[in-house]
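K.L.:
Compute the structure for the input listed below.
(4 chains)
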Amino acid sequence: MNREYNSDEMMTIAASRALSNSDVCFVGIGAPSAACNIARMTHAPDITLIYESGTIGTAPNILPLSIGDGELCETAITTVAVPEMFRYWLQGGRITIGFLGAAQLDKFGNINTTVIGDYGNPKTRLPGGGGAPEIASSANQIYITMKQSLRGMVEKIDFFTSFGHGQGNENRKDINISTLGPSLLITDLAMWKPDPVTKEFTVFSIHEGVSKDMIQDSCGWNVKYFKDLKITKSPTEIELKTLRELKERTKKANLAQDNR
Amino acid sequence: MNREYNSDEMMTIAASRALSNSDVCFVGIGAPSAACNIARMTHAPDITLIYESGTIGTAPNILPLSIGDGELCETAITTVAVPEMFRYWLQGGRITIGFLGAAQLDKFGNINTTVIGDYGNPKTRLPGGGGAPEIASSANQIYITMKQSLRGMVEKIDFFTSFGHGQGNENRKDINISTLGPSLLITDLAMWKPDPVTKEFTVFSIHEGVSKDMIQDSCGWNVKYFKDLKITKSPTEIELKTLRELKERTKKANLAQDNR
Amino acid sequence: MAEFISLKEGVSKTLNKGDTVCFEGFTHLIPHASAHEVVRQKIDDLTIIRMTPDVIYDQLIGMGLVKKMIFSYAGNPGVGLLRRFRDSVEKGWPNKIEIEEHSHSAMAHAYEAGAAGLPCAIFRGYMGAELKKVNSNIKKIECPFTGEELTAVPSLKPDVAFIHAQKADKKGNVLIEGILGVQKEAVLASKKSLVTVEEIVDTLDCHPNATVLPDWTISFISHVPGGAHPSYARGYYKRDNACYIEWDKIASNRETFREWMEENVLKVDAEVFKSRVEKLREDRYE
Amino acid sequence: MAEFISLKEGVSKTLNKGDTVCFEGFTHLIPHASAHEVVRQKIDDLTIIRMTPDVIYDQLIGMGLVKKMIFSYAGNPGVGLLRRFRDSVEKGWPNKIEIEEHSHSAMAHAYEAGAAGLPCAIFRGYMGAELKKVNSNIKKIECPFTGEELTAVPSLKPDVAFIHAQKADKKGNVLIEGILGVQKEAVLASKKSLVTVEEIVDTLDCHPNATVLPDWTISFISHVPGGAHPSYARGYYKRDNACYIEWDKIASNRETFREWMEENVLKVDAEVFKSRVEKLREDRYE
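P.N.:
You can find the predicted model right below:
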């Protein structure tokens, strides 16, 4: 197997490592979905994955294209109606980790997936929040994963789709949110966690082969680093193999449909 | 078959006649349950019977002892959880007739099944309201069935478990209840419906062979009669046969368990 | 993650003196074995919650373990009144329990709100009904859009929920089928839970939308075949209606009640339930 | 009581110009055939509701039939943005639709409240989120017991709900299995409903707790095999992911969009759906 890997693969694998067997994970589609399933297929076989379509304890063999693909239901422990999902399972406080992506993110973990420009007169109308506004406050912690870009990681987001640490410090407590909020950011270049006081996302681990310049050049805010900065270990053979086989199976399954 | 019948049989059969194929009936246990099932087994095969245990469209072959007997689930179109039953089905306004019994009843159809005597220091503590308080306001109409007695049909009930027409007249509208409330009372002696103005239960049909004295002697309020008073037709052969066979099957099924 | 445990140990690890506890079941799947174990362990000062307190609540009250009961219908289903409950409320024997009384709709909404992590439930209820005069946990709330006056009750969040279910798989996922009652809500609303099951199987292998409680929502699972008797477990055994009718006689007298409890609860253990349902097994009638 | 009817007649009897309507489906069982029939009948001035408006809402908007949309996530699932929705909101083509935007949790609670006959839903939501600044249908409400500030939204009560389901029995009881979405709530919350089904069977013969809508909760049932395509129907055919990816290209341009609609919607009828799923039938892969 080719042990060379790209930054996307590094991102997904680094994110997967942050999950454990005892987590109950509310999974967003895209990068979060891949990371969660790699975790399940490698070191955390007992992790509980929940998709907002109502599928609880799902174990897909291929990556779903949407949050409601058939594979999710077929492999789930049970599938509940969507109102129950949001009421009993998310709002009920049963989720340990809400795993989100972002179109725009600021350094306090606030996310915008609603609109670029003015809400009433948008430059780009994005899909909107979906489950995110309540995932952000009901899940015990939030992990965020996204590729770095100046367009994505910005000083000021255009719209507060979901609340991270707000203006930082104790802002969450100030508005009576009792959950931890964004506690981990995994990009294609580094791992970030909030500064214990200011709550500003701060790099604690740089992926192998990445420079500080690369991180700053693709981030719209002034990047800070923890003192005991680490290097993220590159993907192991088993991690890479699992990820690539998963992507291959997924591609094949989709092709099977296309070639009709 | 013996065409002689008792007043209990008359009551059940008279009650069953008031139901139609298009009714969606929330069924209380005891007399209401027998009446509803006789209707289903005779002239209203398509009637929908709902028990508060969550069984929708049930068609038991024997009478259940409780509201949650296995027979109800086995013969139902579907069985939902109890919260859904009260939320989507009762409160959702889908019930055409709520069929209740009563320990104490007043002439305005107000029902007491909570307590005889003072609530805090009761003479007899009864089971309580169960579903009745909301059946009384959410079902489109309420049918009540009970055997007449001076203890049961009283001028003043000790506790308002469920609201009928309150103090009469437009009292329901006054407290913003939009459903019709008690619209039929079937006793072992007569059929009653509310006076169009005062809402006082008034006899419109006397069961065959019953005298006005018999009705008054077992009723705690001053009985009134509609002008065009009718005679309730005695049970037909098919009605009696259906009721007796149902009771026989029920007895047999229970004996089968007892003789173990 | 659910831990498999004996009922005796499970009860002692789960329930403490003074706890708020529900033993839910709506005619079907009533956790009799668990309640009897609580009686044997004499865990008292309890606040007991149930929509339809019946025989086991009569027993807990009669044995003096109860401080308060939150309920909506206290009857022996299809038979009549609860004698021990009445004796407590009417005559204060063995102690006068405090009661918080609701309607079914209120309790169902309150369990739902508990499962949904909310502090209260709103519904259209108690219109013209007198309970709201004697229960301060029934309040008004106004719809901010229509101005309609609705009713609010606090959500139910017991310390412990006991339920009985048909099956658990080896991982601890629990399946409930048939009349579902409020058991799922009760478990999700409670801090801790113990589920007794008829059977432990390799995999549940059930309908994709069947009511399954994942293992991580449950504290303890005990294998107690027959544990619902004289209630029933769909697919396993029928309701023992005769026992319910008999209970009316047993409970009518303090002496016969105590004797019955001595013989049938205190002197035995959870194992007896298996034999009690032997002759009610469904295959006998099908 | 549900009436069996052709889709064409059913749509014309159910939906009127100016109505508030939802075509629900959460990735699974999306009622494409019904939406296309609405397009053919040019019923306009609609307020369309959906948690996850996707391709069919893009189509309704692009065809100029929509006045307002109430929603929580407007995307092409797994693919990207909705081009026709964007063109309307950003450039006003063919008209600028009004939007009322919520979160999923808010919409789910609002459908539930609609089904439960309540005027509003309360939940713990939008904490720190900006939507409540731009949507006046998000209000505060205080728990009368704890004082906690909760959020209220008006319940959803559409004039008409369109859904697609696996089966109806001959009486008109409808079975939904797999990913259930909010379809049951949507039907129960709506004044009228039309259900397209894959199959009509003698009896549903299903699990006792399966999601069944009794015949008397439904206005019309139409037999439209394949009626969810390119969405899927569990047990019948798989999701046509390629179509969703293709839609991104088709919808990116006003001209290609109009042409596609002309060829694939306006010039055909509901019969075509059957053939569209022929090669996606599940047995091909199992």
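
K.L.:
ok, the residue nearest to residue C:232 when sequence neighbours are not counted - contacts?
P.N.:
Distances taken as CB to CB, 6 or more residues apart in numbering or on different chains put residue C:239 closest to residue C:232, at 4.0 Å, once the chain neighbours are dropped. The way it works is simple: take the backbone N, C-alpha and C, and place the C-beta from them, glycine included. By CB atoms under 8 Å, 6 or more residues apart in numbering or on different chains, the residues touching residue C:239 are B:65, B:66, B:69, B:70, C:27, C:230, C:231, C:232, C:280.

K.L.:
hey, where'd the helices end up in chain C?
P.N.:
C:7-14, C:32-40, C:55-62, C:83-86, C:104-115, C:131-134, C:183-189, C:241-250, C:254-261, C:272-276 (DSSP state H).

K.L.:
Same check on chain A?
P.N.:
A:7-17, A:31-41, A:70-74, A:82-84, A:132-138, A:171-174, A:212-217, A:237-258.

K.L.:
Compare the ones you listed and give me the one nearest chain B.
P.N.:
helix A:82-84 (9.8 Å; CB to the nearest CB).

K.L.:
And that closest one, what does it pack against?
P.N.:
helix D:104-115 (3 or more CB pairs under 8 Å, 6 or more residues apart in numbering or on different chains; DSSP states H and E).

K.L.:
And the average pLDDT for the helix it packs on is what?
P.N.:
In this model, helix D:104-115 has an average pLDDT of 98.

K.L.:
helices and strands around that helix, which ones?
P.N.:
Secondary elements touching helix D:104-115 (3+ CB pairs under 8 Å, 6+ apart): helix A:82-84, helix A:132-138, strand D:120-123, strand D:149-154, helix D:183-189.

K.L.:
Columns mean pLDDT and mean neighbour count on top of those, output as TSV?
P.N.:
Formatted as TSV, the helices and strands packed on helix D:104-115 follow (pLDDT from 0 to 100; neighbours: other CB atoms under 10 Å in any protein chain shown):
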stretch	mean pLDDT	mean neighbour count
helix A:82-84	98	27
helix A:132-138	97	29
strand D:120-123	98	27
strand D:149-154	98	21
helix D:183-189	98	27
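
K.L.:
Could you break chain C into its assigned domains?
P.N.:
Annotated domains of chain C cover C:3-102+C:157-282, C:120-154 [automatic domain parsing].

K.L.:
returning to what we had before: from the helices of chain C, which stretch is densest packed?
P.N.:
helix C:104-115 (a mean of 30; mean count of other CB atoms under 10 Å in any protein chain shown).

K.L.:
so that helix versus helix D:104-115, what angle?
P.N.:
170 degrees (axes from the mean of the first three to the mean of the last three CA atoms, to 10 degrees).

K.L.:
and helix C:104-115, how far from the chain's centre?
P.N.:
For helix C:104-115, the separation from the chain centroid amounts to 14 Å (computed by CA atoms, centre = their mean, to the nearest Å).

K.L.:
now that helix and strand C:149-154, what's the angle there?
P.N.:
60 degrees.

K.L.:
follow-up on the earlier one: would you turn the domains of chain C into a markdown table with distance to residue B:81?
P.N.:
Putting those into a markdown table (distance: least, CB to CB, whole Å) gives the following:
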| stretch | distance to residue B:81 |
| --- | --- |
| domain C:3-102+C:157-282 | 4 |
| domain C:120-154 | 15 |
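
K.L.:
Near chain D, which residues of chain C are found?
P.N.:
Contacts of chain C with chain D, taken as CB under 8 Å from any CB of the partner chain, map to C:116-120, C:122-124, C:137, C:139-141, C:143-146, C:148, C:150, C:152, C:154, C:177-178, C:180, C:206-211, C:234.

K.L.:
Please list only the buried members of those residues.
P.N.:
Buried by 16 or more other CB atoms under 10 Å in any protein chain shown: C:116-120, C:122-124, C:137, C:139, C:141, C:143-144, C:150, C:152, C:154, C:177-178, C:180, C:206-211, C:234, out of those.

K.L.:
Now narrow the residues you listed to whatever sits close to chain B.
P.N.:
C:123, C:124, C:178, C:180, C:211, C:234.

K.L.:
Pull the contacting residues for the third one.
P.N.:
Residue C:178 makes contact with B:70, B:73, B:79, C:28, C:29, C:234, C:235, D:208, D:209, according to CB under 8 Å, 6+ apart.

K.L.:
how about 10 Å then?
P.N.:
B:53-55, B:68, B:70, B:72-74, B:76, B:79, C:28-29, C:166, C:211, C:232-235, D:207-209 (CB atoms under 10 Å, 6 or more residues apart in numbering or on different chains).

K.L.:
do the same with the second one
P.N.:
The contact partners of residue C:124, by CB under 10 Å, 6+ apart, come to B:90-91, B:93, B:134, B:137-138, B:176-177, C:105, C:109, C:143, C:148-151, D:116-119.

K.L.:
gap between it and residue D:123?
P.N.:
18 Å (CB to CB, to the nearest Å).

K.L.:
what number of residues lie near the residue lying closest to residue C:34 once chain neighbours are set aside?
P.N.:
Sequence neighbours aside, residue C:162 is the residue nearest to residue C:34 in space, at 4.1 Å (criterion: CB to CB, 6+ apart). Neighbour count of residue C:162, defined by other CB atoms under 10 Å in any protein chain shown: 36.

K.L.:
returning to that earlier point: just checking, which of the contacts of residue C:178 belong to strands?
P.N.:
Using DSSP state E, the subset of these located in strands is B:55, B:79, C:166, C:211.

K.L.:
The third one is in contact with residue C:204, isn't it?
P.N.:
Yes: with contact taken as CB atoms under 10 Å, residue C:166 and residue C:204 are classed as touching, separated by 9.4 Å.

K.L.:
Comparing those two, which residue is more hemmed in?
P.N.:
It is residue C:166, of residue C:166 and residue C:204, that has more neighbours when counted by other CB under 10 Å, with 21 against 18.

K.L.:
Which residues are in contact with the more buried one?
P.N.:
Here residue C:166 is in contact with C:29, C:174-178, C:197-199, C:201, C:204, C:206, C:228, C:233-236 (CB under 10 Å, 6+ apart).

K.L.:
Can you read off the pLDDT for it?
P.N.:
For residue C:166, the predicted pLDDT is 98.
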